[in-house]
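In: give me coordinates for this.
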Amino acid sequence: MSSSFDYDLIIVGAGVGGHGAALHAVKSGLKTAIIEAADMGGTCVNRGCIPSKALLAASGRVRELRDKHHLQSFGIQVGDVQFERSAIADHASNLVSKIQGDLTNSLTRLGVDTIHGWGKLAGAQKVTVTNADGEKTYTAKDIMLSPGSVPFVPPGIETDGKTVFTSDEAIKLDWLPQWVAIIGSGYIGLEFSDVYTALGCEVSMIEALPQLMPTFDPDIAKIAKRVLIDPRDIDTHVGVIAKTVTPGSPVTIELADLKTKETVDVLEVDACLVATGRIPATKNMGLESLAIETDRRGFIPVNDHMAVLRDGEPIPHLWAIGDATGKMMLAHAASAQGVVAVENILENHRTVDYRSIPAAAFTHPEVSFVGMTEPAAKELAAAEGFQVGSVRSYFKANSKALAENESDGLAKVIYRKDTGEILGTHIIGIHAADLIQEVANAIAQGQTVKDLSFIVHTHPTLSEVLDEAFKRAEVMA
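Out: Numbers count the residues shown, from 1 in each chain. As a prediction, this is how the structure comes out:
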């Protein structure tokens, strides 16, 4: 390290991405500091992945134990199942505290300096930190921005954090509304509909686009509607926007036609969850000190090496990762970007293969995917002149799924017919979030469907759903 700098690397933001980058930097011999204004772990640990999985795990147990038909198929009978809302909420908050502590301890153990306060750029290779003690400037050879994201609340929607709220408040499970509206049918909306219905709430799901789950592969969305929406206490409104949402008792939601914006219905519910996506937390980051312009949505422009761009050119020694780049708003994607950025700081040129990064909704059953949907793959094929193949394999033909009495599900593999390259895979079914990793690894390693068709899978396991799909794929080459 040059003696003219306080650190080799300063990371602004201690979410999963910043934390992963800090660990990799220290292990690579860089003197590293990480700046955090709020809670260690960022959105994922405090308001996202971790507490939501705790709520889904607990509510999922309730759903399972109350499903008398399912239990009777095993020859099991249980009495009346009760739960304590506050105890379920405590399970989530206790898990957050534990993971938060683990993150902090790992940084301390490896010698990363943690600086508490609001960090922002103050010019080239400089960061100022503002906290209760005042303002202090630190210098570093390289600076990495990892500010994360915040929930997006569309115009016309008023939140009060009690009756109208985002996932940030919903994760606390302060109360269970008898009737809750959820605006948005993406992963966040689906997961919370799973939690609420398992715990006895009625749900109204509002989706602006003409079909539910618009970002899902069409085949998966069709099955997801059949198993995650239709059998549950959920009514749906598609092709309409929540023109206005007014907090209170009741909450009033004015629904309007997506195209004409004319009011078509008014809902009065006990609560409303706004699950309309997230936007980058890039305000007050000092970007103007280096004349950095975000795009119209507020995302920081970066290249494939995670270097921040100004007028299309990389700014020396400045990097950005995570949700604020808008590349792929997932905690594990941020972590991968952090490692890649550190590698490029070390001049070990690396890029992120986004097509090999999987994602999942931890509903019951789970939904997961990696790569492209079939419509997207066909669009690429038309542009580049190749043929797309797709194969489906069903959980109802899988011995382990039948043994579990969890036979609802599908695995769909999309590939190039000429080379066998996997373009995408989509799974809905028990443990789909774990199963998708096999395909993600295969895409990362360049394995084809033909290569994978010769891999031996343990019998009887759920992994044979994928084995069957690989074997069904026909490659012209």
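
In: helices along the stretch 251-400 of the chain, start to end?
Out: In the stretch 251-400 of the chain, the helices defined using DSSP state H, counting those that start in this stretch lie at 331-345, 374-384, 399-403.

In: the helix or strand just after the shortest one pairs with which strands?
Out: The one in question is helix 399-403. Heading C-terminal from helix 399-403, the first helix or strand you meet, by DSSP states H and E, is strand 410-416. Take DSSP bridges as the rule and strand 410-416 pairs in its sheet with strand 388-394 (antiparallel), strand 422-429 (antiparallel).

In: which parts of whatever helix or strand comes next after the last one are buried?
Out: Read that as strand 422-429. For strand 422-429, the following helix or strand on the C-terminal side (DSSP H and E) is helix 432-444. The neighbour-count check on helix 432-444 (16 or more other Cβ atoms under 10 Å) flags 432-433, 435-436, 438-440, 442-443 as buried. Heads up, the C-betas are built off the backbone N, CA and C, glycines and all.

In: contacting residues around residue 249?
Out: When contacts are counted by Cβ atoms under 8 Å, 6 or more residues apart in numbering, residue 249 touches 163, 270.

In: so how far is the helix or strand bottoming out on mean pLDDT in the chain from its chain's centroid?
Out: Within the chain, no helix or strand scores below helix 42-47, which has a mean of 87 by mean pLDDT, DSSP states H and E. Offset of helix 42-47 from its chain centre (Cα atoms, centre = their mean, to the nearest Å): 11 Å.

In: residue 472: which of the helices of the stretch 251-400 of the chain is closest?
Out: helix 374-384 (15.3 Å; Cβ to Cβ).

In: by contact count, what packs against that closest one?
Out: Judged by 3 or more Cβ pairs under 8 Å, 6 or more residues apart in numbering; DSSP states H and E, helix 374-384 is in contact with helix 218-224, strand 388-394, strand 410-416, strand 422-429.

In: if we use 6 Å, what do you get?
Out: Packing contacts for helix 374-384, counted by 3 or more Cβ pairs under 6 Å, 6 or more residues apart in numbering; DSSP states H and E, involve strand 388-394.

In: keeping just the C-alphas, turn the strand it packs on into PDB.
Out: The C-alpha coordinates for strand 388-394 follow below in PDB (Å, rounded to 0.1, in the frame of the first residue of the first chain):
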ATOM      1  CA  VAL A 388     -34.200 -23.400 -29.500                       C
ATOM      2  CA  GLY A 389     -35.200 -26.600 -27.900                       C
ATOM      3  CA  SER A 390     -37.100 -27.100 -24.600                       C
ATOM      4  CA  VAL A 391     -37.800 -30.100 -22.500                       C
ATOM      5  CA  ARG A 392     -40.000 -30.600 -19.500                       C
ATOM      6  CA  SER A 393     -39.800 -33.200 -16.700                       C
ATOM      7  CA  TYR A 394     -42.500 -33.600 -14.100                       C
END
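
In: can you list the buried residues in the longest helix along the chain?
Out: If you go by DSSP state H, the chain has its longest helix at helix 85-110. Using 16+ other Cβ under 10 Å as the test for burial, helix 85-110 gives 88-89, 91-92, 95-96, 99-100, 103-104, 107.

In: all strands for the stretch 151-300 of the chain, in order.
Out: Taking DSSP state E, counting those that start in this stretch as the test, the strands found in the stretch 151-300 of the chain are 164-166, 179-183, 202-207, 234-238, 240-246, 251-257, 263-269, 271-274, 278-280.

In: middle-most residue in the chain, spatially?
Out: Most central in the chain under Cα atoms, centre = their mean is residue 330, positioned 4.2 Å from the mean C-alpha point.

In: re earlier: any chance of the buried residues of helix 432-444 in TSV, with pLDDT and distance to residue 175 too?
Out: Listed next are the buried residues of helix 432-444 as TSV, based on pLDDT from 0 to 100; distance: Cβ to Cβ, whole Å:
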residue	pLDDT	distance to residue 175
432	98	31
433	98	28
435	98	35
436	98	34
438	98	40
439	98	40
440	98	38
442	98	44
443	98	43
